[in-house]
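**Student:** predicted structure and sequence below. I'll ask about it afterward.
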Amino acid sequence: MNGQVQIHLHAQEDDWVQAACAAIAGAVDGPGPQRLLLSGGSTPAPVYRQLAGMPLPWERLQLGLADERWLPDGDAQRNDLLVSQHLLQQQPLARLQPLARFDHGLATCVAAANARWQAHPATSVAVLGMGNDGHTASLFPGAGNLQAAIDSPLPYAVIDASDCPGAQQFPLRISLTPTGLAACQTRILLLRGQDKLNTLHAALASDDAQRYPILYALHPQQALQVLCCA
């Protein structure tokens, strides 16, 4: 796949956190509505804690998620809980729009997420992670309905990753699609560890997005910003 990649390596976690926060703050510092899509997992937690104390335009910033696990509201393994613990509880002006409301049903939640995206246009910034299997958001290699998500013209889709080890015990997800990723004017990929950096290099060398869905974060006009603490 064609796309530009800018990789920034940091030996110290503090430097990596500062650089990541600066990249995010710079990306949402434009005029008009801004949408900031965050990812879960342990990697971005220190970045979110630092970001919470920064003077971002919190009151007009639409906070959302790149993906969510289909679990009951308040479950400790949900991505919105991680964002709440490390960012929202430290920044009272920040407001997060959840992707999943368990009592509403999965299809209803996806439809609502797509409707909100279309009803509230904004400059979009995605903060992404990547697994050692090359997945980003919840676009897992080998997911049974991955092709449907790839082909979708909508920003969000249901992912069934039942046969994907990387999904662990959380197979049902709501995820940004390649269409949603392409609609983000800025995509920032946060990595920690040499293993994940090696996976990224393997993905870039292979050009096989089905095997390495992280390649769907590439865009021919807008560079993927990679910040890695290795």
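**Tutor:** Yep, that arrived.

**Student:** show me the strands in the protein, by range?
**Tutor:** 5-10, 34-38, 61-65, 67-69, 123-128, 156-160, 172-176, 186-192, 224-229 (DSSP state E).

**Student:** show me what the third one is packed up against.
**Tutor:** Secondary structure elements in contact with strand 61-65, counted by 3 or more Cβ pairs under 8 Å, 6 or more residues apart in numbering; DSSP states H and E, are strand 34-38, helix 79-83. Just so you know, the C-beta spots here come from the backbone N, C-alpha and C atoms, and that holds for glycine as well.

**Student:** 7 Å instead?
**Tutor:** Here strand 61-65 touches strand 34-38, going by 3 or more Cβ pairs under 7 Å, 6 or more residues apart in numbering; DSSP states H and E.

**Student:** list the pairing partners of the strand it packs on within its sheet, with orientation.
**Tutor:** If you go by DSSP bridges, strand 34-38 pairs up with strand 61-65 (parallel), strand 123-128 (parallel).

**Student:** looking at these, which is buried most?
**Tutor:** Of these, the one with the most neighbours on average (mean count of other Cβ atoms under 10 Å) is strand 123-128, at a mean of 24.

**Student:** run through who's touching it.
**Tutor:** Residues from elsewhere that reach strand 123-128 (Cβ atoms under 7 Å, 6 or more residues apart in numbering): 24, 27-28, 30, 32-39, 44, 66, 136-137, 176, 181, 183-190, 217.

**Student:** residue 156: which of the strands paired with strand 34-38 is closest?
**Tutor:** Residue 156 lies closest to strand 61-65 among these, at 9.6 Å (Cβ to Cβ).

**Student:** pull the residues that contact the closest one.
**Tutor:** 28, 33-38, 79-80, 94-97, 99, 120, 122.

**Student:** tell me the one of these nearest residue 213?
**Tutor:** Nearest to residue 213 among these, with distances taken as Cβ to Cβ, is residue 37, at 16.2 Å.

**Student:** what's the local residue count around that closest one?
**Tutor:** 24 (other Cβ atoms under 10 Å).

**Student:** now it: how far from residue 99?
**Tutor:** Separation of residue 37 from residue 99 (Cβ to Cβ, to the nearest Å) stands at 10 Å.

**Student:** got it, and residue 90?
**Tutor:** 21 Å.

**Student:** hmm, back to that, among the contacts of strand 123-128, name the buried ones.
**Tutor:** 24, 27-28, 34-39, 44, 66, 136-137, 176, 181, 183-190, 217 (16 or more other Cβ atoms under 10 Å).

**Student:** where in the protein is pLDDT low?
**Tutor:** 1 (pLDDT under 70).

**Student:** quick one: the helices in this structure?
**Tutor:** 13-27, 45-51, 79-83, 106-119, 146-151, 178-182, 194-206 (DSSP state H).

**Student:** among these, single out whichever gets nearest to residue 167.
**Tutor:** helix 146-151 (11.6 Å).

**Student:** which residues sit in contact with residue 43?
**Tutor:** Residues in contact with residue 43 (Cβ under 7 Å, 6+ apart) are 129, 190, 192.

**Student:** contact partners for residue 139?
**Tutor:** Residue 139 is in contact with 146, 149, 159, 175, 213, 216, counting by Cβ under 7 Å, 6+ apart.

**Student:** same thing but 8 Å
**Tutor:** Counting by Cβ atoms under 8 Å, 6 or more residues apart in numbering, residue 139 touches 146, 149, 159, 175, 176, 177, 178, 213, 216.
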